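Colleague: The following comprises the amino acid sequence and a computationally predicted model.
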Amino acid sequence: MKDPYKKLGVRRVINAATSLTRLGGSKADPTVYTAMQEASNSFVQIPELQHWAGKKIAEATGAEAGHPTAGASNAITLAAAACIMKDTELEEYNPLELETWTAITRRLPAHTQGLKTEFIVQRTNRNVYDHAVELAGGKIIETDPTEEALHRAHNDNTAAYYYTVRSGEGALSLPEIVEIAHSHDTPVIVDAAAELPPKTNLRRYISEGADLVIYSAGKTIAAPNNSGILAGRADLIKLAHLQSYPFHGVGRAAKMSRETIVGMATALRLYLDKDEEKQFNEWQRKAQWIRDQLQPLPGVEAGLDAQSTIEDDKPMVPV
């Protein structure tokens, strides 16, 4: 295979870590690049294109609405911004109409007086990505992973409860968090960035009561690396849209080209049509080949986790 990076003087790497952002994400289907090239041939009103892509996201996730984002971290920031601006005058505006709300959106992240800015998260549910909440002007309120502590942390400044699917030991489940949050009429944000496969997880967290859910589109969905998905309640998605580019809220710098938006939507369609069992079997075949090549090497012990299946999201890999 020709090395496109050799002439640039940049080292190529062997990717044995699936779809890591720092390695460039996934390898998209050629259909995605064809759609992106076609999208580049004409111009479009970006808010209308975002609205179109949002409908595709809603259909895929079972949510009321959706919004394309410049990666999952940007989706977290926009979700936090939406919850902070809930019950404010920003709700009166429409992202498809003339932009007259700039002064309101520019309150974030620094001018948050009078706004709800606290996000409650279990101590065992923290990770480096929840910093994206603070980029919107939010403040993380860390609690013990108990119902009593999570209820007690709620106050008049609470904007939302924040939940990461990959929690530490002892964390309350998402349905438990939803029950607590909704008893206070407070939304729940779910970071499910890396929770695909299986594709059923696209609908799982909305069905469990989450109000906003974040996915990376540049991983298993195999969209461009700089693309993400935000899905959830229509009122909150609208507020997130108003804070995103091409407008002048906290998401202004996280720009997605028209080509990237179309590429993301195309990759999502292809992912929904994909035969996961067939794909898993192909992964298994490749893993077995790698194992067979490594096994004869002195000092190397290679094998497969024969108990793993596509259902438990632990594909077989050489160890």
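Modeller: In hand now; what should we look at?

Colleague: Can you say which helix or strand has the residue nearest to Ser40 when sequence neighbours are not counted in it?
Modeller: Nearest non-adjacent residue to Ser40, counting by CB to CB, 6 or more residues apart in numbering: Glu259, 5.1 Å away. C-beta coordinates here come from the backbone N, C-alpha and C atoms, glycine included. Here Glu259, judged by DSSP states H and E, is contained in helix 258-273.

Colleague: Ile120 now?
Modeller: strand 118-122.

Colleague: and the gap between Val121 and Leu98?
Modeller: 37 Å (CB to CB, to the nearest Å).

Colleague: And the two? Which one has more around it.
Modeller: Val121 (26 against 7; other CB atoms under 10 Å).

Colleague: Quick check: that one touching Tyr161?
Modeller: Yes: counting by CB atoms under 8 Å, Val121 touches Tyr161, with 7.3 Å between them.

Colleague: Tell me where the model's unsure across the protein.
Modeller: For the chain, applying pLDDT under 70 flags the ranges 1, 304-319.

Colleague: longest single helix anywhere in it?
Modeller: Looking across the chain with DSSP state H, the single longest helix is helix 276-294.

Colleague: for it, packing partners?
Modeller: If you count contacts as 3 or more CB pairs under 8 Å, 6 or more residues apart in numbering; DSSP states H and E, helix 276-294 packs onto no helix or strand.

Colleague: buried set for that helix?
Modeller: Glu276, Phe280, Gln284, Ala287, Arg291 (16 or more other CB atoms under 10 Å).

Colleague: one step back: can you list the strands that the strand holding Ile120 pairs with?
Modeller: With DSSP bridges as the test, strand 118-122 is paired with strand 139-143 (parallel), strand 158-164 (parallel).

Colleague: Just after the longest one, pick out the following helix or strand.
Modeller: By that I understand strand 158-164. With DSSP H and E setting the assignment, the helix or strand that follows strand 158-164 is helix 174-183.

Colleague: Next, the angle from that next one to strand 158-164.
Modeller: 180 degrees (axes from the mean of the first three to the mean of the last three CA atoms, to 10 degrees).

Colleague: which residues are contacting helix 174-183?
Modeller: Helix 174-183 is contacted by residues 122, 147, 150-151, 160-161, 163, 165, 172, 187-188, 190, 205, 208-210 when judged by CB atoms under 8 Å, 6 or more residues apart in numbering.

Colleague: are any of those buried, and which?
Modeller: For those, buried by 16+ other CB under 10 Å: Gln122, Leu150, Ala160, Tyr161, Tyr163, Val165, Leu172, Pro187, Val188, Val190, Tyr205, Ala210.

Colleague: These into JSON lines, with extra columns for distance to Ser26?
Modeller: As requested, these are exported to JSON lines (distance: CB to CB, whole Å):
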{"residue": "Gln122", "distance to Ser26": "30"}
{"residue": "Leu150", "distance to Ser26": "36"}
{"residue": "Ala160", "distance to Ser26": "30"}
{"residue": "Tyr161", "distance to Ser26": "31"}
{"residue": "Tyr163", "distance to Ser26": "25"}
{"residue": "Val165", "distance to Ser26": "20"}
{"residue": "Leu172", "distance to Ser26": "32"}
{"residue": "Pro187", "distance to Ser26": "30"}
{"residue": "Val188", "distance to Ser26": "28"}
{"residue": "Val190", "distance to Ser26": "22"}
{"residue": "Tyr205", "distance to Ser26": "21"}
{"residue": "Ala210", "distance to Ser26": "25"}
